[in-house]
Every structure is written in C-alpha cells, then in structure tokens.
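**Q** I need the structure of the sequence given here:
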Amino acid sequence: MQYLEALTPPTVMCIAFALMIRTLFRNQGGAAAAREDAAADAIILKQGAPQD
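**A** You can find the predicted model right below:
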C-alpha cells in the first residue's frame, strides 16, 4: 500500500496539469482574441517599447 501513497501526489498533479493545459488550449483565439491583442499592443505602445 505504500506504493499507492507514493504515486498519489504525482498522479493528482499530472491530472491537474493536463486539465490546465486543456483549458489553455481551449481558450486560445475565439472572439476575445482580437480585443486581447489590441490591449497588449496598446500597453506596448504606452510603454514606448520598440515593436518588431
């Protein structure tokens, strides 16, 4: 039974990490992407950083 106790934390972390990655990929793009890009561009311009 000690092996089960040893494998539980890494298994839980693996599942949580996989769900986080899935959420990130599902939220890429979509209707809000252009608005988020415009906000990021505005911040860059406000800081005066050169753009590529």
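**Q** please enumerate the helices of the protein.
**A** 2-26, 33-47 (DSSP state H).
**Q** return the member of those helices having the minimum mean pLDDT.
**A** Across the helices of the chain, helix 33-47 has the smallest mean pLDDT, namely a mean of 86.
**Q** report the central residue of the chain.
**A** The chain has residue 24 as the residue nearest its centroid, 4.5 Å off, counting by CA atoms, centre = their mean.
**Q** could you check how far that one is from residue 35?
**A** Distance, residue 24 to residue 35, by CB to CB, to the nearest Å: 18 Å. (Each C-beta comes from the backbone N, C-alpha and C, glycine too.)
**Q** dihedrals phi and psi, residue 29?
**A** Note on residue 29: backbone dihedrals following degrees, to the nearest 10 are phi 70, psi -140.
**Q** what is the burial count for it?
**A** Residues near residue 29, counting by other CB atoms under 10 Å, number 10.
**Q** same question, the one 4 residues further on
**A** Using other CB under 10 Å, residue 33 is surrounded by 11 other residues.
**Q** just residue 20 next, same as before
**A** Using other CB under 10 Å, residue 20 is surrounded by 10 other residues.
**Q** for residue 7, same thing?
**A** 10.
**Q** kindly report the same for residue 2.
**A** Neighbour tally, residue 2, other CB under 10 Å: 6.
**Q** ok, it to residue 13 distance?
**A** Distance of residue 2 to residue 13, given as CB to CB: 19 Å.
**Q** which residues does residue 25 contact?
**A** Shown in contact with residue 25 (CB atoms under 8 Å, 6 or more residues apart in numbering): no residues.
**Q** so what's residue 52 scoring on pLDDT?
**A** Note on residue 52: pLDDT of 59.
**Q** number of nearby residues for residue 9?
**A** Count around residue 9 with other CB under 10 Å applied: 9.
**Q** just how off-centre is stretch 14-26 within its chain?
**A** Put simply, stretch 14-26 sits 8 Å off its chain's centre (CA atoms, centre = their mean, to the nearest Å).
**Q** what comes up buried for stretch 13-27?
**A** Across stretch 13-27, burial judged by 16 or more other CB atoms under 10 Å covers no residue at all.
**Q** that's all I had, so thanks and see you.
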